[in-house]
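# My questions concern the predicted model and sequence given below.
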Amino acid sequence: MNSMENVIKGKALIAETDHQTSSILKFHLEASGYEVIQASDGAEAVASFKTSRPDIIFLNIHLPEINGFQVVTDIRASEDKHLVPIIFLSAEDDEQTLSKCIEVGGDDFLRKPLSRTIIQAKLVALERTRTLRHEVSNLYSQMRKDEELAESLFSGAVVAENVALEQIPTLLRPAELFSGDVLLTAYAPSGDLNVLLGDFTGHGLSAALGALPMSEVFRAMTVKGFAPHQILAGINRKLLSLLPTGKFFALQFISISNKLDFITVCNCGMPDILLLDGESREIKQRFSSNSIPLAITLDIDFKQIAMHSNVVEGDRILLVSDGVSEARNAANEYFGQSRLEDAITSMPTGESALNSIARALDEFCLGAPQNDDISLAEVPCSPAILTNWESRSTASLETELGEKAGDIAEFTLTLTGSRLRQADPIPLVINHIQEMEGLHTHRRLLFTVLTELYINALDHGVLKMDSQMKNSPEGFTKYFTERENRLSSLSTGFVKIQVRTQPMINGGRMSIRLEDSGSGFNFPEYMKAGDDPGTAFSGRGILLLKELCEAVTYETPGNKVEVIYSWTDE
């Protein structure tokens, strides 16, 4: 059996002015199972291609109306994703002409006069190429469908759980369907808002694979009340155990206090985080990277690299991935940090910094190919970002509990020496209580109570810190710096926590006792001052405890305190 009879049938377009060449070629093509369409000039060839969509094209270089080179250019411009093999027919053999055949989009050429053997060999080779192109096209289509499905699942698992996005302007432009950049937001039990903008190595699906486990750690630890440095340490451990060598995760992390008075910032291998003044709209502080990215080593002291700053309502915090400054225009120039900051300082009245940067970026790039993921988030220090925290937290924390036990539950936890420096007991205590009692919305209030009690015991009892330091414009930064210095050298002292819960009809009652190794304080004076603390930070913790608890009782000399917290199930 002739091997040519096994060639897949299809349509062939011949555009040739020489009748003999056209006839020979038509004979062999029809013998191979092709339906042949003929054109007498270049214009007719282009029209026939558009109407007939042939599977293979043969054309002379020197066609009337439109020459063969221009015909190929027009065809390639009008093709969809299915590329058609094009073979030039020519009696010329100079290298310049043959080279141009390939440059304009031709796949091969046949020398005239035509040889039957060469024609058959070319047809077999071109059919093989066409089959491979078809297989690749099908595989690519399937891959895109799989990626779209995966992206849908990815968005549901990673992005859908974000909070306050309606109040946070964002610009997210992935270089591919999947983005290696990821933006996460979540509320802590205290009402603080944690925001993370991260950048995995590369972009596309391979870069996005680490986002799912990373987001799970971020949300789980935020909801349980862990501090920023503990959350980042948890993410680092998780990614280091999952990501292959050479893959890492740079990030910007901010935690905004629920009073909108200070922020905690971590920058690990990312561009500067910019704090914008709410009134002047100028850059009033920048937080540069002071750490390597995550998933490289466990030897990162996230507590040490955390930065703290005072903010006021109206300030805005700009998070930016390196895809912004590294965006390039047609001349291969980088957008750069200076253009980004120029866009901020020159933004028109009423326009956000993010919109001004986006506009400057579009004008600079002018449609040039995007080589990296581009991400920006402008987080406002505004009550609007905190309005939904309680309802979201309640929904995420409600659990199905069995019948309550009627007995009293009591436990004690004591931290001494270096343990005070290394551990934060509040998430452990509050989650233990949650497992026993199913506190739901009261969990947030108890978290606040426990945090105030523990911070008072550690900071003012063990470390002997002075709250008056917070009252200056740079107070929080100085306070936390001094606090870290004292913690780093701490080797003695203790804080003891005792919790006793008793179920009541339609609710419960809890006694929380804390004792520290400090020398105590003049608690009668502070209890009175707590009734009218003014604008000072000193005494506000006691006032908050008195508002939330049924009773607050200090014991002489002031290093022991007991609070009573009652709740109902309504």
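That came in fine, so what should we check first? Residues are numbered from 1 along each chain as shown.
# Need the three-state assignment for the residue lying closest to Leu196 once chain neighbours are set aside.
Closest residue in space to Leu196, ignoring its immediate chain neighbours: Leu184 at 4.5 Å, by CB to CB, 6 or more residues apart in numbering. For every residue, glycine as well, the C-beta is placed using N, CA and C. Following DSSP: H, G, I helix; E, B strand; the rest coil, the label given to Leu184 is strand.
# what sits against Leu184?
Contact analysis of Leu184 by CB atoms under 8 Å, 6 or more residues apart in numbering lists 158, 162, 194-196, 198, 215, 218-219.
# where in this structure is pLDDT low?
Confidence mapping of the chain against pLDDT under 70 gives the ranges 1-9, 80-82, 153, 203-204, 207, 389-407, 436-441, 473, 527-539, 569-570.
# Could you measure from the residue most central in space within it over to Leu251?
Taking CA atoms, centre = their mean, the centroid of the chain lies closest to Val182, which sits 0.7 Å from it. Distance of Val182 to Leu251, given as CB to CB, to the nearest Å: 9 Å.
# same question, Leu13
As judged by CB to CB, Leu13 and Leu251 stand 56 Å apart.
# Please apply the same query to Ile24.
On the measure of CB to CB, Ile24 and Leu251 end up 68 Å apart.
# count of neighbours near Glu79?
13 (other CB atoms under 10 Å).
# So what does Ser491 look like in phi/psi?
Backbone torsions for Ser491, taken as degrees, to the nearest 10, come to phi -130, psi -10.
# so who does the closest residue to it other than its chain neighbours touch?
Nearest non-adjacent residue to Ser491, counting by CB to CB, 6+ apart: Gly417, 5.4 Å away. Neighbour list for Gly417: 490-494 [criterion: CB under 8 Å, 6+ apart].
# Scan those residues and report the most crowded one.
The most neighbours, when the contacts of Gly417 are compared by other CB under 10 Å, belong to Gly493, which has 19 neighbours.
# can I assume that one is in contact with Ser519?
No: using CB atoms under 8 Å, Gly493 is not in contact with Ser519; the gap is 11.1 Å.
# circling back to that earlier point, now, which of the contacts of Leu184 lie within strands?
Here DSSP state E is the test, and the contacts of Leu184 give 194-196, 198 as lying in strands.
# Out of these, which is nearest to Leu123?
Using CB to CB, Gly198 is the member of the ones in strands among the contacts of Leu184 that lies nearest Leu123, at 53.5 Å.
# give me the beta-bridge partners of that closest one?
Judged by DSSP bridges, the bridge partners of Gly198 are Val182, Leu251.
# residues contacting it?
181-184, 211, 214, 249-252.
# farthest pair in the residues you listed?
Taking CB to CB, no two of these sit farther apart than Ala211 and Gln252, at 15.1 Å.
# and the contacts of Leu184 as CSV, adding distance to Ala295?
As requested, the contacts of Leu184 are exported to CSV (distance: CB to CB, whole Å):
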residue, distance to Ala295
Val158, 17
Asn162, 22
Asn194, 19
Val195, 20
Leu196, 14
Gly198, 11
Ser215, 14
Phe218, 14
Arg219, 18
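# most neighbours, which of those residues?
Neighbour max across those (other CB under 10 Å) = Gly198, 29 neighbours.
# Could you report the distance from that one to Thr131?
43 Å.
# ok, now Thr553?
85 Å.
# what does stretch 59-77 rub up against?
13-18, 21, 39-46, 49, 57, 84, 86-90, 92, 97, 100-101, 104-106.
# Just the buried ones out of those residues, please.
Neighbour-count burial (16 or more other CB atoms under 10 Å) applied to the contacts of stretch 59-77 gives 13-16, 18, 21, 39, 41-46, 49, 57, 84, 86-90, 101, 104-106.
# Sitting in helices, which of these do you find?
Here DSSP state H is the test, and the buried ones among the contacts of stretch 59-77 give 21, 42-46, 49, 101 as lying in helices.
# Distance from the chain centre to stretch 297-314, please.
19 Å (CA atoms, centre = their mean, to the nearest Å).
# okay, that stretch in CSV with CA atoms only?
Extracted in CSV, the C-alpha atoms of stretch 297-314 (Å, rounded to 0.1, in the frame of the first residue of the first chain):
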residue,chain,number,x,y,z
THR,A,297,16.1,29.4,57.0
LEU,A,298,14.6,29.0,60.5
ASP,A,299,17.2,31.4,61.9
ILE,A,300,15.1,34.6,61.6
ASP,A,301,14.2,36.5,64.7
PHE,A,302,10.8,38.0,63.7
LYS,A,303,10.4,39.7,67.0
GLN,A,304,13.6,41.5,66.6
ILE,A,305,12.8,42.7,63.0
ALA,A,306,9.3,44.0,63.9
MET,A,307,9.0,47.7,63.7
HIS,A,308,6.4,49.9,65.6
SER,A,309,5.1,53.3,64.9
ASN,A,310,2.4,55.7,66.0
VAL,A,311,-0.3,56.5,63.5
VAL,A,312,-3.4,58.8,63.6
GLU,A,313,-6.8,58.3,62.0
GLY,A,314,-6.6,59.3,58.4
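# In that stretch, which residues are buried?
Quick answer for stretch 297-314 (16+ other CB under 10 Å): 300, 302-303, 305-311.
# Check stretch 549-556 too.
Residues 549, 552, 554 are the ones in stretch 549-556 that count as buried (16+ other CB under 10 Å).
# Make a markdown table out of those residues and add secondary structure and distance to Asn471.
Output for those, formatted as a markdown table (DSSP: H, G, I helix; E, B strand; the rest coil; distance: CB to CB, whole Å):
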| residue | secondary structure | distance to Asn471 |
| --- | --- | --- |
| Cys549 | coil | 26 |
| Val552 | strand | 23 |
| Tyr554 | strand | 23 |
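# From Gly33, how far out is Leu415?
84 Å.
# and if you look at Ser488?
Ser488 is 82 Å from Gly33, by CB to CB.
# Leu276 too?
Taking CB to CB, one finds Leu276 at 70 Å from Gly33.
# So for those two, which sits in the more crowded spot?
Between Leu276 and Gly33, Leu276 has the larger neighbour count (other CB under 10 Å), namely 22 against 15.
# isn't the more buried one right next to Gly314, touching?
No: judged on CB under 8 Å, Leu276 makes no contact with Gly314 at a distance of 9.6 Å.
# All the strands of the stretch 401-550 of the chain, residue numbers only.
Secondary structure of the stretch 401-550 of the chain by DSSP state E, counting those that start in this stretch: the strands cover 409-416, 494-504, 507-516.
# Most tightly packed of the ones you listed?
Counting by mean count of other CB atoms under 10 Å, strand 507-516 has the highest mean neighbour count of those, with a mean of 20.
# Can I get that strand in CSV, CA atoms only?
The C-alpha coordinates for strand 507-516 follow below in CSV (Å, rounded to 0.1, in the frame of the first residue of the first chain):
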residue,chain,number,x,y,z
GLY,A,507,-24.1,31.2,80.7
GLY,A,508,-21.1,31.1,83.0
ARG,A,509,-18.8,32.9,85.4
MET,A,510,-15.0,33.0,85.2
SER,A,511,-12.3,34.1,87.7
ILE,A,512,-9.0,35.1,86.3
ARG,A,513,-6.1,35.7,88.7
LEU,A,514,-2.6,36.9,87.7
GLU,A,515,0.4,37.3,89.9
ASP,A,516,3.8,38.6,88.8
